[in-house]
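Enquirer: Next comes the sequence, and after it the predicted model I'd like to discuss.
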Amino acid sequence: MLLSSDRTNQAKMLLIATGVGFAVDSTLLNLEVYRFPNGSAIGWLPPLWMSVLWIQFATTLRYCLNWLSGRYVFSALLGFAGAPLAFVGGEKIGAVSFDSPRLTNLLILGSLWAIAIPLLIYISDRIHSDASVDATYRGFSSPVKV
């Protein structure tokens, strides 16, 4: 946030992404797609660190993932394939575990992310549609092309 030249819109995006991520993760937990071995403060809610990951992801939408702007089908495909791969990696380090049937649960996970990622790209496109707002980081001389 300190580096963003458009803090108001960036803050909106972070809050929205946190809400979307919370909804996705809560749904997946309550469908018993996966579990977090260390649990969370409230059993049916995802751990706080999961929301932090969504906040971090949201910071990339305007800058390094701006090439996905308007590419909603492609971003859905990335969400469908990328989320299960990322979570399988998380499973290997003990951060998450999948319930049975594993393949079905990975498909459910990918399907929700195939909705969430293009939704967040679309929202980011709308929030940052004002061409008069420069998409730069403070202290850097060249603007990011969006």
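Expert: Yep, it's here.

Enquirer: so where do the strands sit in this structure?
Expert: Applying DSSP state E to the chain gives strands spanning 34-35, 97-98.

Enquirer: Other residues contacting the last one?
Expert: By CB atoms under 8 Å, 6 or more residues apart in numbering, the residues outside strand 97-98 that reach it are Val33, Tyr34, Arg35, Phe36, Pro37, Phe87, Glu91, Asn105, Leu106. C-beta here means a position set from N, CA and C on the backbone, and glycine is covered the same way.

Enquirer: Which pair of these spans the longest distance?
Expert: Across these, no pair lies farther apart than Pro37 and Leu106, at 17.8 Å, counting by CB to CB.

Enquirer: picking up where we left off before, which one of the contacts of strand 97-98 sits closest to Val52?
Expert: Using CB to CB, Phe36 comes nearest to Val52 of these, at 13.5 Å.

Enquirer: That closest one: neighbouring residues, count only.
Expert: 18 (other CB atoms under 10 Å).

Enquirer: In helices only, show me the contacts of strand 97-98.
Expert: Among the contacts of strand 97-98, the residues falling in helices (DSSP state H) are Phe87, Glu91, Asn105, Leu106.

Enquirer: Only the buried subset of these, as a ChimeraX command please.
Expert: The following ChimeraX line selects those of these that are buried, judged by 16 or more other CB atoms under 10 Å:
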select :87,105,106
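
Enquirer: Give the full set of residues in contact with the nearest residue to Val33 once chain neighbours are set aside.
Expert: Nearest residue to Val33 in three dimensions, chain neighbours excluded: Asn105, at 4.3 Å (CB to CB, 6 or more residues apart in numbering). For Asn105, the contacting residues are Val33, Tyr34, Phe98, Asp99, by CB under 8 Å, 6+ apart.
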